[in-house]
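Chemist: Test case, fold it:
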Amino acid sequence: MSVYEAELNRVAVLSDIHGVLPALEAVLAEPDVCAADRIVLTGDITAGPQPGRVIEALRELGDRVLWVSGNADRELVEYRRGERTVIPDPIGPFAADALTAEQVDFLAALPRTATLTIRGLGPVLFCHATPRDDEEIVLVDSSPDRWAEVLTGVDPAVTTVVCGHTHMPYTRLAHGRLVVNPGSVGMPYGRPGAHWCLLGPGTDLRVTSYDIPAAVARLRAECAYPDIAEWADCYLNSRVTDTEALTVFGPGDGRAAAATGAP
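Modeler: The predicted structure is shown next:
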């Protein structure tokens with residue numbers, strides 16, 4: 001594994017912003033985010049209503065931000081470069097077309113993983129879905145066998161893994177490693193608010209409240225996506241419950257095959 005940076009005291013982790021600028025602005029205004037040594041983004045930064053403005057708001061923070069790509073960011077790049085004609089998320093094509101060519105190139109160059117050393121936690125590996133894949137599913141109740149599978153090959157020195165992708169915050173132990181999901185800034189499942197976490201020396205899951213009706217109105221006024229009113233109402237108000245999300249995601253972690261004995 002590559003040499004880690006000098007030990008950091010506090011790191012704020014923002015995941016799954018999904019192009020929602022009002023939610024991002026609310027989190028960036030948090031005193032503990034302002035004071036953090038670094039801000040780590042664990043992917044799916046742009047696939048949403050305001051992708052370019054979200055990129056620029058984060059780039060204004062300079063080297064304090066450590067960027068990690070997510071599957072949705074990769075899909076926007078592939079769409080713009082003609083490597084795919086369909087994006088599973090309906091807002092994806094709109095978001096891809098809203099990016100400048102330079103922003104597409106910027107996203108294309110983002111790493112899939114990153115590692116920092118954080119006081120109290122040691123070497124911490126950041127990824128989007130799992131360390132080996134940007135769209136695999138692991139959940140708070142995934143089986144020990146599933147966790148062993150997706151953590152295969154992770155450096156033994158890494159005792160904390162931070163991921164995103166499923167938009168629901170949790171911490172759990174898996175084979176002696178602490179696994180942290182900060183939840184989603186822009187598209188939370190289960191409860192409204194902009195979810196993130198603060199690392200060092202422990203793990204602190206946070207949620208930032210903000211004026212959601214005003215944010216919905218702002219997206220409707222500023223975003224040209226045809227279905228923006230429905231999109232903003234659904235995701236900013238967290239109409240998708242955690243139970244519904246777990247039901248949809250559950251089979252993706254292999255539990256259905258395991259239950260039936262299928263290969």
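Chemist: how about the helices in the stretch 1-150 of the chain?
Modeler: When secondary structure is read from DSSP state H, counting those that start in this stretch, the stretch 1-150 of the chain shows helices at 21-28, 31-34, 51-59, 71-80, 92-98, 101-108, 144-150.
Chemist: tally of neighbours for residue 63?
Modeler: 6 (other CB atoms under 10 Å). For every residue, glycine as well, the C-beta is placed using N, CA and C.
Chemist: Can you give me the distance of it to residue 176?
Modeler: In this view, residue 63 and residue 176 are 32 Å apart by CB to CB, to the nearest Å.
Chemist: picking that back up, with distance to residue 234, mean neighbour count and mean pLDDT as extra columns, can I get the helices of the stretch 1-150 of the chain in JSON lines?
Modeler: Below are the helices of the stretch 1-150 of the chain laid out as JSON lines (distance: least, CB to CB, whole Å; neighbours: other CB atoms under 10 Å; pLDDT from 0 to 100):
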{"stretch": "helix 21-28", "distance to residue 234": "14", "mean neighbour count": "23", "mean pLDDT": "98"}
{"stretch": "helix 31-34", "distance to residue 234": "26", "mean neighbour count": "13", "mean pLDDT": "98"}
{"stretch": "helix 51-59", "distance to residue 234": "18", "mean neighbour count": "19", "mean pLDDT": "98"}
{"stretch": "helix 71-80", "distance to residue 234": "16", "mean neighbour count": "23", "mean pLDDT": "98"}
{"stretch": "helix 92-98", "distance to residue 234": "15", "mean neighbour count": "20", "mean pLDDT": "98"}
{"stretch": "helix 101-108", "distance to residue 234": "25", "mean neighbour count": "16", "mean pLDDT": "98"}
{"stretch": "helix 144-150", "distance to residue 234": "29", "mean neighbour count": "16", "mean pLDDT": "95"}
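Chemist: Quick check, residue 239 in contact with residue 232.
Modeler: No - Residue 239 is not in contact with residue 232 according to CB atoms under 8 Å; the separation is 10.6 Å.
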